[in-house]
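A.B. asks: predicted structure and sequence below. I'll ask about it afterward.
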Amino acid sequence: MKMAEKLKVCDFDQQFEQLLRELLGRVPSLKLVSLKRGVKISPGSSERADHLAQVRAGNRKWTLLVEEKRLGQPREVRSAVLQLEHQLKQLPGNAPRYGVLLAPFISEESAKLCTEAGVGYADLAGNARLAFGQLFIETRAAGNPFHEKREVRSLFAPRATRVLRVLLQGSLRPWRVTELAESARVSLGWVSAARQQLLAREWAAEAPGGLLVTKPGAVLDAWAKADDWEKRTSVREYSLLLSGSPLHLAEKLQKTLKKEQPVFTQWFAGSLRHPHTTPTVVTAYVEKFPDESVIEEKLLARRVSANGGLRLVLPKDEGVLNPSQTVRGFKLVSDVQIYLDLIRAGLRGEEQAAELRKWPDFAGGWV
């Protein structure tokens, strides 16, 4: 484990001060005159700044008001920006002043909020932007080694994604907590956890009637990055002894597994919802793997290690099947799940996924 991942909350104060000193020390023409912690904003104010720095840039002396946050999520950042704007107005004198936000990690979305507000930022992952006077510093690091990674994983944990599938099924509407828990088939605790993280990232908002996803595309993009097909499924592939159309194969599979109906996904499901590529593989989720003899006898197929024309998939969490839909007599997973299953599947799956997502009726419509 990297040292950065081991940082405790109590370590951040020292880390933030070191970060600020190192950042200001990058510019030879910039001199740090003083750096004080926890000082009053002004003699008559009870408010205190996390850090107050006096710097000299050329012939001008600047006051930097620094706000620290343990989380750099958009909701926290928006609050910090308002706090900085408020405190900057209270600084005595007419000397030029500039607000700076420090956090363990600042996402691109949070960085944009700071830039639009005219506030500088820096984090312990290596992202920074300072722009005052003639000074301009900007760096962007790859990845986030801090706690937010664990938060993202929990937001896209199997139980949490059950909540997301329901929320992302259009037309988008507000959901009350109890109603959402019932529809997603999870506890109130999982709904509450997902709700808090969606609000913190400003991907959802409180609306009359409950929680409403306001940035479904951002949710799906982040979900696709976190999703791991191999970890959440067990797959068996089969080679067909006789060639035939995917439609005919899907029909035979339904008849063969009539007591435990398959739920189709990937290329075949995508082509039924919004045709773009010609499917060459039929993929279906199943409640349990059928006996090999049944597959051989009824479908004239034998199991292979890879490149089969038929894939049967056992999900490690049955939430992938809720909600589902029926198209032309075939039961399919939701459009969101088809997209996730296709995006890195190969065989032009990413093209089919992209076209499906651009379709106005994707997931019931997000407009």
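C.D. replies: The structure has been received and is ready for your questions. Numbering: from 1, shown residues only.
A.B. asks: least confident secondary structure element in the protein?
C.D. replies: Ranked by mean pLDDT, DSSP states H and E, the weakest helix or strand in the chain is helix 148-155, scoring a mean of 61.
A.B. asks: quick one, helices of the protein?
C.D. replies: For the chain, the helices defined by DSSP state H occupy 12-24, 74-90, 108-117, 148-155, 158-167, 177-184, 188-200, 216-226, 229-232, 246-256, 266-273, 292-299, 335-342, 349-358.
A.B. asks: distance of Ala95 from Gly120?
C.D. replies: 17 Å (C-beta to C-beta, to the nearest Å). C-beta coordinates here come from the backbone N, C-alpha and C atoms, glycine included.
A.B. asks: the more surrounded of the two?
C.D. replies: Gly120 (23 against 11; other C-beta atoms under 10 Å).
A.B. asks: give the contact list for the more buried one.
C.D. replies: Leu64, Tyr98, Gly99, Val100, Leu101, Cys114, Ala128, Arg129, Leu130, Ala131, Phe132 (C-beta atoms under 8 Å, 6 or more residues apart in numbering).
A.B. asks: on that earlier part again, ok, which of the helices of the chain comes nearest Arg48?
C.D. replies: With respect to Arg48, and counting by C-beta to C-beta, the nearest of the helices of the chain is helix 74-90 at 9.2 Å.
A.B. asks: name the helices or strands packed onto the closest one?
C.D. replies: strand 60-68, strand 97-103, helix 108-117, helix 188-200 (3 or more C-beta pairs under 8 Å, 6 or more residues apart in numbering; DSSP states H and E).
A.B. asks: quick check: Leu65 touching Leu52?
C.D. replies: Yes: with contact defined as C-beta atoms under 8 Å, Leu65 reaches Leu52; the gap is 6.2 Å.
A.B. asks: still on that earlier bit, which of the contacts of Gly120 are buried?
C.D. replies: Neighbour-count burial (16 or more other C-beta atoms under 10 Å) is assigned, among the contacts of Gly120, to Leu64, Tyr98, Gly99, Val100, Leu101, Cys114, Ala128, Arg129, Leu130, Phe132.
A.B. asks: which one of those residues is nearest Gln325?
C.D. replies: Cys114 (41.5 Å).
A.B. asks: so the closest residue to the closest one other than its chain neighbours bridges to which residues?
C.D. replies: Spatially, and ignoring its direct neighbours in sequence, Cys114 is nearest to Tyr121 (4.4 Å; C-beta to C-beta, 6 or more residues apart in numbering). When assigned by DSSP bridges, Tyr121 has beta-bridge partners Leu101, Arg129.
A.B. asks: tally of neighbours for Tyr121?
C.D. replies: So Tyr121, with other C-beta under 10 Å, has 27 neighbours.
A.B. asks: got the contact list for it?
C.D. replies: Contacts for Tyr121 (C-beta under 8 Å, 6+ apart) come out as Val100, Leu101, Leu102, Ala103, Ile106, Ser110, Ala111, Cys114, Asn127, Ala128, Arg129.
A.B. asks: if we go to 10 Å?
C.D. replies: 67, 69, 72, 77, 80-81, 99-103, 106, 110-111, 113-115, 127-130, 138 (C-beta atoms under 10 Å, 6 or more residues apart in numbering).
A.B. asks: just to revisit the earlier point, could you name every residue contacting both of Leu65 and Leu52?
C.D. replies: In contact with both Leu65 and Leu52: Ile41, Gln87, Leu91, Arg97, using C-beta under 10 Å, 6+ apart.
A.B. asks: closest to Trp267 among the residues you listed?
C.D. replies: Gln87 (55.9 Å).
A.B. asks: my guess is that closest one meets Ser42, correct?
C.D. replies: Yes: in this structure, Gln87 is within contact of Ser42 by C-beta atoms under 10 Å, at 9.2 Å.
A.B. asks: the more surrounded of these two?
C.D. replies: Neighbour tally, Gln87 and Ser42, criterion other C-beta under 10 Å: the higher count belongs to Gln87, 21 against 13.
A.B. asks: just to revisit the earlier point, out of the shared contacts of Leu65 and Leu52, who has the most neighbours?
C.D. replies: In terms of neighbours by other C-beta under 10 Å, the shared contacts of Leu65 and Leu52 top out with Gln87 at 21 neighbours.
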